[in-house]
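# could you work out the structure for the sequence below:
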Amino acid sequence: MLEWELENVREVILVEGRPLFPISWLHRQEYCEYQIYLENIKGIEVGETPEMIAGSEEHERLYTKFAEEAVPATLSEMLDGSKLSVVVSREFPVRSQQHGIYGRIDGISFKPSAILVIDDKRGTKAYNSDIHQVWGYCLALKETVESLDDRLIIGALREEGTDKIYWSGLFDERAQVEVIKVIERVHKLISGAAQFTSNKNPNKCRGCRLREVCDRAVV
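Numbering: from 1, shown residues only. Now for the predicted structure:
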């Protein structure tokens, strides 16, 4: 018998009976999926790290600056306007009912030939966890816009606080298949159809803010 109810899992929302989890979990699954169990199912609470606080403050600063200059527009208006010139947005909400994910894209750039989906990260190395997260945003966006537009979708990682794109890739069929497998894995975990595994890399454990309360830490 499952030891938890889906409606009691933190950050999971039920829409028409379908559980949706945050796209950021795709990053956590690759890094150490046991984090999801500890925080969102077991309910362990730990404070934010200085890096997390700084990152949140930077996100807020950039969004506030953007909002002061932005002109409100619907998705259709942004798509139409971007056929002739680039239209940008921040904290762009997306949701995929089909795949059960939701989140907010840090930055999005609608260009005449493509749509650039940007996730801001500290550092400049593209890890699989980062790529899976931005692919998740691309997948959710595709479901949102595919009936309105057929432009290519490109995922990108940008150094936080800068305009530097240090990784980008076309969200093609290969990328879609890859991220759907990860999404399905997370759904199996939170539904109890699969067991949570934990990271075995000591370096990851040393950098994890849950290390002191984790019963599977390897350091």
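# give me the below-cutoff pLDDT ranges for the protein.
The model of the chain has pLDDT under 70 over residues 1, 47-60, 62-70.
# and if we set it to 90?
1-8, 45-75, 144-150, 161, 207, 209, 219 (pLDDT under 90).
# and the helix or strand where Glu178 lies, what other elements does it pack with?
For Glu178, the host element (DSSP states H and E) is helix 173-191. Judged by 3 or more C-beta pairs under 8 Å, 6 or more residues apart in numbering; DSSP states H and E, the packing partners of helix 173-191 are strand 18-22, helix 25-32, helix 34-36, helix 128-145. C-betas here are computed from N, CA, C, even on glycine.
# run the chain-centre distance for the following helix or strand past it.
Following helix 173-191 in sequence order, the next helix or strand is helix 202-206 (DSSP H and E). Centroid separation for helix 202-206 versus its chain: 22 Å, with C-alpha atoms, centre = their mean, to the nearest Å.
# so what touches helix 202-206?
Tyr31, Cys32, Asn199, Arg211, Cys214, Ala217, Val218, Val219 (C-beta atoms under 8 Å, 6 or more residues apart in numbering).
# tell me which residues in that helix are buried?
Using 16 or more other C-beta atoms under 10 Å as the test for burial, helix 202-206 gives Lys204, Cys205.
# let's see that helix as CSV, backbone CA atoms only.
The C-alpha trace of helix 202-206 is given here as CSV (Å, rounded to 0.1, in the frame of the first residue of the first chain):
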residue,chain,number,x,y,z
PRO,A,202,30.1,11.7,-2.7
ASN,A,203,30.7,15.0,-4.5
LYS,A,204,27.0,15.4,-5.1
CYS,A,205,26.2,14.6,-1.4
ARG,A,206,28.7,17.2,-0.2
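# buried subset of the contacts of helix 202-206, written for PyMOL?
To isolate the buried ones among the contacts of helix 202-206 in PyMOL, judged by 16+ other C-beta under 10 Å, type:
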select buried, resi 31+32+199+214+217
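# closest to Val88 out of the contacts of helix 202-206?
Tyr31 (29.0 Å; C-beta to C-beta).
# what residues are up against that closest one?
Taking C-beta under 8 Å, 6+ apart, one finds Ser129, Asn199, Lys204 in contact with Tyr31.
# how far does stretch 16-33 stretch from start to finish?
Start-to-end span of stretch 16-33 (C-alpha to C-alpha, to the nearest Å) is 26 Å.
# contacts for stretch 6-21?
Under C-beta under 8 Å, 6+ apart, the answer for stretch 6-21 is 22, 25, 39-41, 43, 95-97, 100-102, 186-187, 190-191.
# ok, and for it, which residues are buried?
Buried, per 16+ other C-beta under 10 Å, within stretch 6-21: Leu6, Val9, Val12, Pro19, Leu20, Phe21.
# okay, those residues in JSON lines with distance to Leu157 next?
Shown next, in JSON lines, are the buried residues of stretch 6-21 (distance: C-beta to C-beta, whole Å):
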{"residue": "Leu6", "distance to Leu157": "31"}
{"residue": "Val9", "distance to Leu157": "28"}
{"residue": "Val12", "distance to Leu157": "26"}
{"residue": "Pro19", "distance to Leu157": "27"}
{"residue": "Leu20", "distance to Leu157": "24"}
{"residue": "Phe21", "distance to Leu157": "21"}
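# closest to Val179 out of these?
Distances from Val179 to the buried residues of stretch 6-21, taken by C-beta to C-beta, are shortest for Phe21, at 13.3 Å.
# picking that back up, now list the buried members of the contacts of stretch 6-21.
Of these, these count as buried by 16+ other C-beta under 10 Å: 22, 25, 39-41, 95-96, 100-102, 186-187, 190.
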